[in-house]
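A.B. asks: sequence? don't have it. structure:
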């Protein structure tokens, strides 16, 4: 994607398309990853089907991926604060800081990308910037997934 972005840099619109696509895909990956991790946990730990469906509705109704507004909220509501704190402790401080900072930063960028058309005044970083963010967040998400799977 970054190559296509660079090859089309002189076009007034295509680089913006590629940048927005990278941001939207990254944010979609974050939201889908959280949902998948929690759905697996719910399926493996909750027996009552009515309770299971109600908890899944709460997870599905959590739109966004800002750490404190969305991730912390949904993880603690499903797992409990104590369990989530134990999982946070498994993350190295830098991985947790990256997760918090990147999800905070990209929430605004994602909203701008998803809710605007291509306008000359809108600027977005190259797809490589989003790829760097993904590469910083993915290790933390993998640790979270493995820790929750081991519960």
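C.D. replies: Received it, and whenever you're ready, just let me know what you need. Here the structure is a predicted model, which is why all the values come from computation and not from measurement.
A.B. asks: run through the residues that contact residue 39.
C.D. replies: Neighbouring residues of residue 39 by Cβ atoms under 8 Å, 6 or more residues apart in numbering: 56, 59. Backbone N, C-alpha and C define where each C-beta goes, glycine included.
A.B. asks: secondary structure element holding it?
C.D. replies: helix 14-45 (DSSP states H and E).
A.B. asks: check which residues of that helix are buried.
C.D. replies: Across helix 14-45, burial judged by 16 or more other Cβ atoms under 10 Å covers 15-16, 18-23, 26-27, 30-31, 33-34, 37-39, 41-42.
A.B. asks: do stretch 60-79 as well
C.D. replies: 62, 64-67, 70-72, 74-75, 78-79.
A.B. asks: what does stretch 137-149 contact?
C.D. replies: 30, 33, 37-38, 40-41, 75, 79, 86-87, 90-91, 95-96, 98-99, 102-103.
A.B. asks: let's go with 6 Å and repeat that
C.D. replies: 33, 37, 41, 87, 90-91, 95, 99, 102 (Cβ atoms under 6 Å, 6 or more residues apart in numbering).
A.B. asks: how about stretch 90-101?
C.D. replies: Contacts for stretch 90-101 (Cβ under 6 Å, 6+ apart): 67, 136-137, 139-140, 143, 147.
A.B. asks: what residue is smack in the middle of this protein?
C.D. replies: Taking Cα atoms, centre = their mean, the centroid of the chain lies closest to residue 30, which sits 2.3 Å from it.
A.B. asks: can you get me a residue count around residue 110?
C.D. replies: Residue 110 is flanked by 23 other residues according to other Cβ atoms under 10 Å.
A.B. asks: for the residue nearest to the centre of the chain, which non-adjacent residue is closest in space?
C.D. replies: Nearest residue to residue 30, sequence neighbours excluded (Cβ to Cβ, 6 or more residues apart in numbering): residue 65, at 4.1 Å.
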